[in-house]
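In: My questions concern the predicted model and sequence given below.
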Amino acid sequence: MSVPTRVTASGHLTSLRAGRLEHTPPASAGLFEERYGLPSHTLTDEDHGGDFGRGKGYMGQNAMATFRPLLALWDVDHTLIENSGISKDTYAQAFERLTGRSVDHEIHTEGRTDPEIMLNMLTAHGIEPTTEHVARIPEALESSMSANASRLRERGYALPGAHTTLEALRDAPGVIQAPLTGNIRPNAFTKLSVFGLHAYLDFEVGAYGSDDHVRANLVGIARRRAATKYNATFDTRSTILLGDTWRDVRAGRDGGAFVVAVASGSDSIDRLQAEGADIVLPDLRDAQSVVEAVTSVRHRPELGGCPIDSIAAIR
Ligand SMILES: [Mg+2]
């Protein structure tokens, strides 16, 4: 079995944080600067107390580094939270609302989008999905989830490290965090808010199962929303998808994102690696490793950044 990737560029991170503390956004700064403190900003060696890149071979003495904003897109279930079966209860109840029938087939989730899950359930029960079914699915799911919110709070939990990781990324310079999930938007909000995780994420620029039933298409949707809101460009070098299933990994690769997988769900490190995750971490317990994995896109040569030999990526 492979050893999970450990990213060890801690000295670099410290330097970036030093730069953030010293930087004062200009008066003309736009929304990104106002909200996140650092724009698509040019940092000089002086900004980092003189040690950024000096003598390390990847920046060159007195070199300037362009500091791109990053879009970190989070899966929800088994990546940030454990729903302890409440999701499947919600699908079952939504199915009953839609059809008047109870569920007597296994419900398959594992990284699928809400519309996919519900349409598969209809088909498994011998029901040909109609346009009326499709139109009513979001309301049925939202009502069911809303009815289950207190049970989710009691039985579910934020996964270890989720709070500290989201907080660390919020404090990292230039990182926008948003959901990218198969859940419909209101249910993503409910699932995260009952554990107090919602405040770290920008739901306006997220992408959801209610936007498209094909998960890979959600990457472009989130990217376009973020570009519009923050007046910045997000591409393969600045979009990071974090998720726990091979479907997250595939969606990230097909959608053009750098993929940081976490093996906190049903898929093993080997499985996530085999699907092509750029970095695989066992879970979110080491927030610093997640921050460094996300921000490593700025320094990966194959993505057009600067090489940094202290980052060990799997691929
Ligand atoms: Mg998941």
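Out: Received the coordinates, thanks.

In: If you drop the residues flanking it in sequence, what lies closest to residue 217?
Out: residue 255 (7.0 Å; C-beta to C-beta, 6 or more residues apart in numbering). Backbone N, C-alpha and C define where each C-beta goes, glycine included.

In: hang on, that neighbour packs against residue 218?
Out: Yes: in this structure, residue 255 is within contact of residue 218 by C-beta atoms under 8 Å, at 7.0 Å.

In: Looking at those two now, which is surrounded by more residues?
Out: Neighbour count, other C-beta atoms under 10 Å: between residue 255 and residue 218, residue 218 has more, with 27 against 24.

In: Where do the strands of this protein begin and end?
Out: Secondary structure of the chain (DSSP state E): strands at 41-43, 65-67, 70-74, 81-82, 157-158, 175-179, 239-243, 258-262, 279-281.

In: of those, which approaches the ion most closely?
Out: Nearest to the ion, of all the strands of the chain, is strand 239-243, at 5.6 Å by C-beta to the ion.

In: what does the closest one rub up against?
Out: 70-75, 79, 111, 180, 219, 222-223, 248-249, 251-252, 255-262, 290, 294, 297 (C-beta atoms under 8 Å, 6 or more residues apart in numbering).

In: Given it, what are its sheet partners and their directions?
Out: Using DSSP bridges, strand 239-243 pairs in its sheet with strand 70-74 (parallel), strand 258-262 (parallel).

In: The residue most central in space within the chain: what's it in contact with?
Out: Closest to where the C-alpha atoms of the chain average out (C-alpha atoms, centre = their mean) is residue 74, at 1.8 Å. Going by C-beta under 8 Å, 6+ apart, residue 74 touches 80, 177-181, 201, 242-243.

In: Residue 228 versus the residue in the stretch 201-315 of the chain positioned nearest to the ion, what's the distance?
Out: Closest contact between the stretch 201-315 of the chain and the ion, by C-beta to the ion, is at residue 244 (4.5 Å). Look at residue 244 and residue 228: by C-beta to C-beta, to the nearest Å, they are 29 Å apart.

In: quick one, which of those two is more surrounded?
Out: residue 244 (25 against 11).

In: Would you mind naming what in this protein lies close to the ion?
Out: By C-beta under 5 Å from the ion, the residues of the chain that approach the ion are 75, 77-78, 244.
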